[in-house]
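Peer 1: after the sequence you'll find the predicted model.
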Amino acid sequence: MKKSEFAIERCKTMSAVQRMLGGKWKLEILYYIAVRDIHRFGALKRCIAEITESSLT
């Protein structure tokens, strides 16, 4: 599976912030909950396509 340019750039940015805060998905989950007002499990799963269901539970 080939990543788009947006996904690659997002990965670089997220990697830098994750090194500072720790946790693979913590920051991205918090972003979608706080900024985009997404609270449902399925909606989070769609927004963060690479995350597993076990990481969200």
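Peer 2: Perfect, thanks for sending it. Numbering: from 1, shown residues only.
Peer 1: list the buried ones in stretch 24-44?
Peer 2: For stretch 24-44, a neighbour-count test (16 or more other Cβ atoms under 10 Å) marks 25, 28-29, 32, 38, 44 as buried. Glycine gets a C-beta too; all of them are placed from N, C-alpha and C.
Peer 1: run through who's touching it.
Peer 2: 14, 17-18, 21, 47-48, 51, 55-56 (Cβ atoms under 8 Å, 6 or more residues apart in numbering).
Peer 1: can you pick out the most distant pair from the buried residues of stretch 24-44?
Peer 2: Spanning the widest gap among the buried residues of stretch 24-44 are Trp25 and Ile38, at 13.8 Å by Cβ to Cβ.
Peer 1: packing partners of the one helix or strand Ser54 maps to?
Peer 2: Counting by DSSP states H and E, the element that carries Ser54 is helix 53-56. The helices and strands touching helix 53-56, judged by 3 or more Cβ pairs under 8 Å, 6 or more residues apart in numbering; DSSP states H and E, are helix 41-47.
Peer 1: against Thr13, how distant is the residue nearest in space to the middle of the chain?
Peer 2: For the chain, the residue nearest the mean C-alpha position is Glu28 (3.6 Å; Cα atoms, centre = their mean). With the distance defined as Cβ to Cβ, to the nearest Å, Glu28 ends up 11 Å from Thr13.
Peer 1: how about Lys26?
Peer 2: 15 Å.
Peer 1: so which residues of the chain form helices?
Peer 2: For the chain, the helices defined by DSSP state H cover 5-21, 26-34, 41-47, 53-56.
Peer 1: so can I have JSON lines of the ones you listed showing mean pLDDT?
Peer 2: Listed next are those as JSON lines, based on pLDDT from 0 to 100:
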{"stretch": "helix 5-21", "mean pLDDT": "76"}
{"stretch": "helix 26-34", "mean pLDDT": "88"}
{"stretch": "helix 41-47", "mean pLDDT": "93"}
{"stretch": "helix 53-56", "mean pLDDT": "87"}
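Peer 1: follow-up on the earlier one: mind listing the shared neighbours of Glu28 and Thr13?
Peer 2: Between them, Glu28 and Thr13 share no contacting residue, judged by Cβ under 8 Å, 6+ apart.
Peer 1: much appreciated, bye for now.
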